[in-house]
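**Q** Need the 3D shape of this:
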Amino acid sequence: MQTDRQARPEFDAYAPLYAELLDDPARNRFAQDPLHFHRRKWLLVQRLLSRAGVNVATQRWLDVGCGRGELLELAGSNFAQAIGCDPSAGMLSSQASIKVHKQPSPTELPFADGSVDFVTAVCVYHHVHGEARTGLTNEIRRVLTPRGLCCILEHNPWNPVTRGIVNRCPVDVDAELLNAPAARTLLQASGFEPVSTNYFLYFPESLFPPFSALETMLSKLPLGGQYALLARAPS
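**A** As a prediction, the model looks like this:
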């Protein structure tokens, strides 16, 4: 996402070849099936919400910066409502099965105050710069119900493989990676109460099934490829 009101024209250009632009030898060795990354995110989010005592079947979920909507397609049927939004019309154009909305700008969400119970922002914040990060976070707080939950999932800049992949990726040419402590500070500044931080993507697709329990044990070690930060909106 960009910080201006130009609605990410570069992502509109990327949309037709998005999968090809993500192609990277290290990424491909980690997972041959691109959906593996979305499955891993959903598995972790599901576990975090369960630990927070949330019944997802009652939740209205908004995925901010949803892109082509793969995560929504994968997990949306588990929620009472699942919707997405993105500043790029080109990215949204490939989405047919989930209700999606174009954002007026990267820091504006086209939804009413308190209209959703749960918000995700998956690999969005590293495309948002400067004060725009605060603006987006305040917008997420606005659309959440009191005590609603927000989950930021981001690349972990402390993982050297992740940094290498991001540095080579054409769609991340503007990326400014956000580490978990900085994300936590950002959320707290907007009134959120951090609930948990978990690092994941330690093991590649082929090794994850037998070592999933070990990855859970390593979730507080800040070396996984990505992290998930769950926080609760104020009353």
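**Q** now the strands for the protein?
**A** 60-64, 81-86, 99-102, 116-122, 144-155, 193-200, 226-232 (DSSP state E).
**Q** Now mean pLDDT and mean neighbour count too, for the ones you listed, in a markdown table please.
**A** (Glycine included, C-beta is placed from N, CA and C.) Listed next are the strands of the chain as a markdown table, based on pLDDT from 0 to 100; neighbours: other CB atoms under 10 Å:
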| stretch | mean pLDDT | mean neighbour count |
| --- | --- | --- |
| strand 60-64 | 98 | 25 |
| strand 81-86 | 96 | 22 |
| strand 99-102 | 92 | 16 |
| strand 116-122 | 98 | 24 |
| strand 144-155 | 98 | 21 |
| strand 193-200 | 98 | 18 |
| strand 226-232 | 98 | 23 |
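**Q** my guess is residue 129 contacts residue 175, does it?
**A** No. Using CB atoms under 8 Å, residue 129 is not in contact with residue 175, being 9.6 Å away.
**Q** in the sheet, who's paired with residue 198?
**A** Counting by DSSP bridges, residue 198 forms beta bridges with residue 228.
**Q** whoops, I mixed them up, residue 85
**A** Going by DSSP bridges, residue 85 is paired in beta bridges with residue 64, residue 101.
**Q** check contacts around it.
**A** 62-66, 100-103, 109-111 (CB atoms under 8 Å, 6 or more residues apart in numbering).
**Q** So which of these is the closest to residue 25?
**A** Taking CB to CB as the measure, residue 25 lies nearest residue 65 of the contacts of residue 85, at 26.2 Å.
**Q** Not counting its neighbours along the chain, what's nearest that closest one?
**A** Using CB to CB, 6 or more residues apart in numbering and skipping the chain neighbours, the partner closest in space to residue 65 is residue 124 (3.6 Å).
**Q** tell me the phi and psi of that neighbour?
**A** phi -100, psi -50 (degrees, to the nearest 10).
**Q** I figured it was touching residue 64, is that so?
**A** Yes. With contact defined as CB under 8 Å, residue 124 reaches residue 64; the gap is 6.1 Å.
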